[in-house]
Structure formats: C-alpha cells, structure tokens
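> just to be clear, the model below is a prediction. Sequence and coordinates:
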Amino acid sequence: MVELKTDTSIDAMYEAGQVVGQALTAVRRAADVGVSLLELDEVARGVLREAAAGSPFLGYRPSFAPVPFPAVICTSVNDAIVHGIPTGYRLRDGDLVSIDCGAELGGWVGDSAISFVVGEPRPADVRLIETAEQALAAAIEAAVVGNRIGDIAHAIGSVCRAAGYGIPDGFGGHGIGRRMHEDPGVPNEGRPRRGMPLRHGMALAIEPMLIAGGRDDYHAAADGWTLRTNDGSRAAHVEHTVAITDAGPRILTERNPKN
C-alpha cells in the first residue's frame, strides 16, 4: 500500500533529508587517498549523532542478508555496485566510490547516494558518473503528478542505454517515508505511461545504478551484501529522495539547499 504524505509530513522528511545531505557532504570532503572506508563511516556517524538522527541502515537485515548491516553508510568501490560494507580498505588514487546514506529523524526517513573519484579521475569514470547524474535528473523531471512510475523508469533507462551502460537487473528505487523501503518499487528501466499513477504526497527514492561494461549481470560478494559487476567493470550509483507534489518534484535530500 502506498502512503500519501501530507505537506507537513513532506516538510518533516525534508528535515531528515537534510541530515543525509550533510552526511554525504562530510564524507565526500573526508574521502582522500589513504583514508579508510571505516573512517568514512565514522564521519557519517558523527553527522547523524550531531543531528540526533538515527540510521535506517545500521542493523538492517533484509531476507537475502546473512547478517545485519553493520554501518551507517554503504561504501561501494570500483566494481562494487551497491551495498558495500565499510572495511579497513584505504582509498587509492583513481578509486571510484559510491556512498549511500540514510537518516531517520522525527519518525521520517531520507535516503541518498553519490558517486565520485578519489584523486586523479579516469575520463571513463567521469563520463559514467555524469551519465548517472543525468539519468537521475531526467527521472526527477519525470516525477510529476499525472505521469506514472513507468515514466520515471523509462527516463532512467533511456539515458543509461543511450550511453551504452548496463543496468543491474532487478534493482531500483522505492517508496520511502516512515520506513526506508515502502511501496511502490521504482525500476531503473521500463515503458512510459505504464505502472502506478504519480499523485501528490508520494515520496520516492530514485536511484540509477550504472555498469560501465554494458552488461546487466552481477553477483553477491562473500560478505553477502556487496553486489559486484560480473565483468569487473566499474559502477556508479546516485540517488535522491523526491516528493511528488502538485507544484512539481521536490528534492528532499538536496545537498545545497536554496532556502
């Protein structure tokens, strides 16, 4: 069942989303050659603690997971697509890093992700990340009252496929609100004018995931959480929590708010 949020609830989700944005900004600033993934997790924990916010990631255990998630951010490096567990791995020059973060504040959840390169970037990685961001922007533009879930999915898939990238089969975005994962699902590829109609008060976590090699297949690493590309090519993951409103899409996890 899809819960339609009131305008007051959307405002509350925005406050949670701002904590996520602050955490991602702090992690991005701290990420450098020689910094460990565990150290980045500590940075995010500090932001959540300062905001008196909880983590919807920490202790989360879906049916596929062998153990509860042990961190407040996912750290996916190079060929890792999503769900990477922070470890003692120290970042190296040229690493492509995707950071996914959530925050719970006042009973509402925000969820967002960024991808970036540490040190000197490869042109191919820059293009991959830029395309992911373009896909997210196109999806948000399609997230308007009167459109359907399929229009969002089609916007993402069209940008990714036109650039020659793969899309991890079966993974995409989701509804969000009082819980991190709610209905409806938001695929990263689909047909326009299909699926659930978008209505004022819906809140969605929209998250394109791209595989540089062009294939869609992947596998779970030994930790049972991290998903890696089968061909060893690099991946990028970006995400925003977005509210559907009569005035247009409202990004709740923006990192440089205008107001």
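Perfect, I can see it now.

> output the helix or strand where Ala155 lies as PDB, restricted to C-alpha atoms.
Using DSSP states H and E, Ala155 falls within helix 149-162. Provided in PDB are the C-alpha atoms of helix 149-162 (Å, rounded to 0.1, in the frame of the first residue of the first chain):
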ATOM      1  CA  ILE A 149       6.100   5.100 -12.400                       C
ATOM      2  CA  GLY A 150       7.000   3.800 -15.900                       C
ATOM      3  CA  ASP A 151       7.800   7.300 -17.000                       C
ATOM      4  CA  ILE A 152      10.500   7.600 -14.300                       C
ATOM      5  CA  ALA A 153      11.800   4.200 -15.200                       C
ATOM      6  CA  HIS A 154      11.900   5.000 -18.900                       C
ATOM      7  CA  ALA A 155      13.700   8.300 -18.200                       C
ATOM      8  CA  ILE A 156      16.500   6.500 -16.400                       C
ATOM      9  CA  GLY A 157      16.800   3.600 -18.800                       C
ATOM     10  CA  SER A 158      16.800   5.800 -21.800                       C
ATOM     11  CA  VAL A 159      19.800   7.800 -20.600                       C
ATOM     12  CA  CYS A 160      21.700   4.800 -19.400                       C
ATOM     13  CA  ARG A 161      21.200   2.700 -22.500                       C
ATOM     14  CA  ALA A 162      21.900   5.500 -24.900                       C
END
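
> so how far is it from its chain's centroid?
How far helix 149-162 lies from its chain's middle: 16 Å, per Cα atoms, centre = their mean, to the nearest Å.

> next SSE after the lengthiest helix in the chain?
Criterion DSSP state H: the longest helix present in the chain is helix 7-30. Counting by DSSP H and E, the next helix or strand C-terminal to helix 7-30 is helix 37-50.

> and that next one, what does it pack onto?
Applying 3 or more Cβ pairs under 8 Å, 6 or more residues apart in numbering; DSSP states H and E, one finds that helix 37-50 contacts helix 7-30, strand 73-77, strand 96-105. Any C-beta I mention is one placed from the backbone N, CA and C, and that applies to glycine too.

> export that helix to PDB, keeping only CA atoms.
In PDB, the C-alpha atoms belonging to helix 37-50 read as follows (Å, rounded to 0.1, in the frame of the first residue of the first chain):
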ATOM      1  CA  LEU A  37      36.200   3.200   4.400                       C
ATOM      2  CA  LEU A  38      35.600   2.700   8.200                       C
ATOM      3  CA  GLU A  39      36.900   6.200   8.800                       C
ATOM      4  CA  LEU A  40      34.300   7.500   6.300                       C
ATOM      5  CA  ASP A  41      31.600   5.600   8.200                       C
ATOM      6  CA  GLU A  42      32.800   7.300  11.400                       C
ATOM      7  CA  VAL A  43      32.400  10.700   9.700                       C
ATOM      8  CA  ALA A  44      28.800   9.900   8.800                       C
ATOM      9  CA  ARG A  45      28.100   8.600  12.300                       C
ATOM     10  CA  GLY A  46      29.300  11.900  13.700                       C
ATOM     11  CA  VAL A  47      26.900  13.900  11.500                       C
ATOM     12  CA  LEU A  48      24.000  11.700  12.500                       C
ATOM     13  CA  ARG A  49      24.900  12.000  16.100                       C
ATOM     14  CA  GLU A  50      25.200  15.800  16.000                       C
END
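
> tell me the phi and psi of Ile140?
phi -60, psi -40 (degrees, to the nearest 10).

> tell me the phi and psi of the residue nearest to it when sequence neighbours are not counted?
Leaving out its chain neighbours, the residue that sits closest to Ile140 by Cβ to Cβ, 6 or more residues apart in numbering is Pro249, at 5.1 Å. Phi and psi for Pro249, reported as degrees, to the nearest 10, are phi -70, psi 140.

> for Gly54, same thing?
According to degrees, to the nearest 10, Gly54 has phi -90, psi 170.
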